[in-house]
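1. Sequence and computational prediction follow.
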Amino acid sequence: MSNNNNVLTLSAPLSGPVLALGNVPDEVFASGAMGDGLAIDPLNDCLQAPCDGVIIHVARTGHALTIRADNGAEVLMHVGIDTVELNGEGFALLVKEGARVSEGQPLVQFDLDRIARQCKSLVSLIILTNSERFELQPIASKTVKVGEALMRIAVRTSASVQTAVDNSAAEVAACVRITHRGGLHARPAALIRKTAQGFSSQSQLHFGDKSAACDSLIGLMGLGIGEGDEVRVSCRGKDCEAALQALVAALSVAVHEEHHAPVVATTPRWANTEANVLQGVCAAPGLVCGPLFRLAGIELPEDTGTHNVDEQLQRLDAALEQVRGEIRNTLDHARRRKNVEEEEIFAAHLALLEDPALLDAATAAIEQGSAATHAWRDAIQAQCAVLLALGKPLFAERANDLRDLQQRVLRALLGEAWHFELPAGAIVSAHELTPSDLLQLSAQRAAGICMAEGGATSHVAILARGKGLPCLVALGSEVLDVPQGQRVVLDAANGRLELAPSDARHAEVHQIRETQKLRRQQQQAQAQQPAHTTDGVSIEVAANVASSAEAQVAFDNGADGVGLLRTEFLFVDRRTAPDEQEQRQAYQAVLDAMGDKSVIIRTIDVGGDKQLDYLPLPVEANPVLGLRGIRMAQVRPELLDQQLRALLQVSPLARCRILLPMVSEVDELLQIRQRLDELCVELELTQRPELGVMIEVPAAALMAEQLARHADFLSIGTNDLSQYTLAMDRDHAGLAARVDALHPALLRLIAQTCIGAAKHGRWVGVCGALASDPLATPVLVGLGVSELSVSPPQIGEIKDRVRHLDAAQCRQLSLELLDLSSAKAVRQACQHHWPLS
Ligand code: PEP
Ligand code: MG
């Protein structure tokens, strides 16, 4: 195409109908956030260069690339919408970053059918990413053929380009972990850029030893930031504080992690010197016995060093493709079973397998004469060393994911089937197992897992908990010396691996397991019946849920109602807030799943450390002490208003109770009560739902009587109440064993809450995790709690516990517990008075 220095004509990189940006089915592209441009709905399957230039960025997954034309214009070409999710499948890149290309040169070949089937849209974008310096004039308006003139790009003459940098002001910075799915690819990068452009400050993102200006899309993408990476963002200028807040909000996406909470053994490893017992950390509870099966990794012999380079490259390619195929199968399987955790873990593995740093290192080693096996092993080991050198547990766990891929690809290269004969009911020991090992072992019916290394928050631990497979980690290298086939007992909840159990102990464990199984069957059979103590006090056993699907499970398990619906599920992991209609439908679905039982719906509890993409809140020095829970209504009242309106429209309203989180003053309750009354009038309702208050900060427990005067019920959130009473972060791994809601201080607050509520004839429930702890049931009943909201699988067990209690005796004994010295002493006393077998 004819160009002069100022004007460049771009030819169509694809054939097909041309669309204006506003008609693209993607909010970010359509808004122009990434720059001005056009879209083509492609009819062909090969993207060609629209002009001569240099390829300055290639997406890791091959679905997008950017060319810099000779006049400096930077043009991003993005094939399809949401195609990053294909993770490179169906795309063949024909050029490399840094390559010089000529107009019309093929750049990417893609599988049109696959994208059409698996992605939101085939519509492909041609975007001028530095439109502040260039102007765009469309030429083609309807349909173009590849190579025909598409648009003209001219240098802006009105030099309105803002380059003034305010160096005078201070610089502020913060670190943030990227949770955008797939990392900082084009669309999230565009959001960051758009956010940065809203401020006069200059903002930069730093990752590793690289930095990029936040208003440069290419720069941001070029940092190669992946999901889970931690980056630093810095802002300099007059409005640097505000810019930083907004950027941190745009960079972080809230993740709901409750189900991932690690189970931490109460006894640390070094505290136990009992003979023939190894002490570790519990990653998944359970008691089992069986023969030990030692699982070792692959050890390669010395590399002889004379190899045909092409042959070795082909072998590596074939092995990688085989493993990718296997992982894709695992992914499909996980998706079909809606197992999100498994899906996320293996999607990350697939992305790691395509990591250019890894592939380039292996290729380079082969080119220098290494065997494919050794090249692959060394490339992984080098990456692991980098991750481990960072000294952070999260990165160390990622190293384990890399080792997983090392083993899998080595197996594929060596033609070894991943197969071993696991003796029936074996307890598998290993240095550190990988996620795919764990899936295999679970499929082969391993009874338990013990590892020398590993952490309770690792991917393996999450998978083990999900599979109900007892698992101990961090046992130390002694576990690897235990002979193959030796009979052991794994008591995961207590962090113990017993190496020489007697016949009697062995028989006892069998007996305990049999009894547990039988008891569980009996409890399930009775779960649908209401629970009364032996002296006739009725205790409602409801469920904590976070979706209508979970409500269905709770109903099937015999829940007497929903004691806590955490509504955050509707608000997190999305780019825009749910509207009133969507909320109403979601709440109605939970009501519908619960038959004629009542449902307690808690208003949104975000803020603090749970941030929403579309709700930038100030960065807080102490997030858990900041604008969270009901306090958020101070800054965003319309959000709560909308939720209340949605709640008031469910039917029958009599089955819906509203619960307010993080209340610390009576006035907060009064204001919302008044607003609820106004909304009822607006909606012409004659009936008003019950309104309850969560007791999860000490102030609320101390003010329970005053709150109960105006509330219909109180529900104690022991998770936060422990955190705020004991001044211990509820997610602090090192304090996990001490954040125990059976602490006498907590019991005193619970007692005070029940006394205060009783003065006004209000009932008290517990919806924190303490309600699911059977050791605590007698104490809670004794202190006057009449509703326990528990995790759905435990409904039968807690109802059974209630049925064996005498409420009068519970009242008398639990008062004595208030005078004990520690949570440990309370636990011992509970075990003594109301033993758990
Ligand atoms: C609690 O704090 O005990 C509670 C139930 O609320 P969440 O765990 O959602 O903070
Ligand atoms: Mg809470």
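-> Nice, thanks for sending it over. Ligands and ions are numbered 1, 2, ... in the order given.
2. now for stretch 79-96, what's the gap between its first and last residues?
-> Start-to-end span of stretch 79-96 (CA to CA, to the nearest Å) is 17 Å.
3. Which helix or strand lies directly C-terminal to the helix ranked longest in the chain?
-> Identified as the longest helix of the chain according to DSSP state H is helix 309-336. Going down the chain from helix 309-336, the next helix or strand is helix 340-353, by DSSP states H and E.
4. Name the residues of the stretch 451-600 of the chain found near ligand 1, please.
-> 564, 566 (CB under 6 Å from any ligand atom). Where you see a C-beta, it was placed from the backbone N, CA and C, and this is true even at glycine.
5. now swap in the chain and tell me
-> So the chain meets ligand 1 at 564, 566, 605, 696, 717-720, 767-768 (CB under 6 Å from any ligand atom).
6. Would you mind naming the helix or strand containing the closest residue to Ser664 other than its chain neighbours?
-> Nearest non-adjacent residue to Ser664, counting by CB to CB, 6 or more residues apart in numbering: Ala699, 4.4 Å away. Using DSSP H and E, Ala699 sits in helix 698-702.
7. Pull out the buried residues from that helix.
-> By neighbour count on 16 or more other CB atoms under 10 Å, the buried set for helix 698-702 is 698, 700-702.
8. if we can go back for a sec, what are the buried residues along the longest helix of the chain?
-> 312-313, 315-316, 319-320, 323-324, 326-327, 330-331, 334.
9. just stretch 587-597 next, same as before
-> For stretch 587-597, by 16+ other CB under 10 Å, it's 587-591, 593-594, 597.
10. ok so, going back, who does the longest helix of the chain touch, helix- and strand-wise?
-> Using 3 or more CB pairs under 8 Å, 6 or more residues apart in numbering; DSSP states H and E as the contact test, the elements touching helix 309-336 are helix 340-353, helix 356-367, helix 372-389, helix 393-414.
11. could those go into JSON lines alongside mean neighbour count and mean pLDDT?
-> Putting the helices and strands packed on helix 309-336 into JSON lines (neighbours: other CB atoms under 10 Å; pLDDT from 0 to 100) gives the following:
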{"stretch": "helix 340-353", "mean neighbour count": "20", "mean pLDDT": "77"}
{"stretch": "helix 356-367", "mean neighbour count": "17", "mean pLDDT": "87"}
{"stretch": "helix 372-389", "mean neighbour count": "19", "mean pLDDT": "84"}
{"stretch": "helix 393-414", "mean neighbour count": "20", "mean pLDDT": "77"}
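12. how deep is the nearest residue to Asp45 once chain neighbours are set aside tucked in, by neighbour count?
-> Leaving aside its sequence neighbours, Asp45 sits nearest to Leu112 (CB to CB, 6+ apart; 4.6 Å). The number of residues packed near Leu112 is 16, by other CB atoms under 10 Å.
13. Reformat the buried residues of stretch 587-597 as a markdown table; add secondary structure, pLDDT and distance to Leu205.
-> Shown next, in a markdown table, are these (DSSP: H, G, I helix; E, B strand; the rest coil; pLDDT from 0 to 100; distance: CB to CB, whole Å):
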| residue | secondary structure | pLDDT | distance to Leu205 |
| --- | --- | --- | --- |
| Tyr587 | helix | 97 | 39 |
| Gln588 | helix | 97 | 42 |
| Ala589 | helix | 96 | 40 |
| Val590 | helix | 97 | 40 |
| Leu591 | helix | 98 | 45 |
| Ala593 | helix | 97 | 43 |
| Met594 | coil | 98 | 46 |
| Lys597 | coil | 98 | 49 |
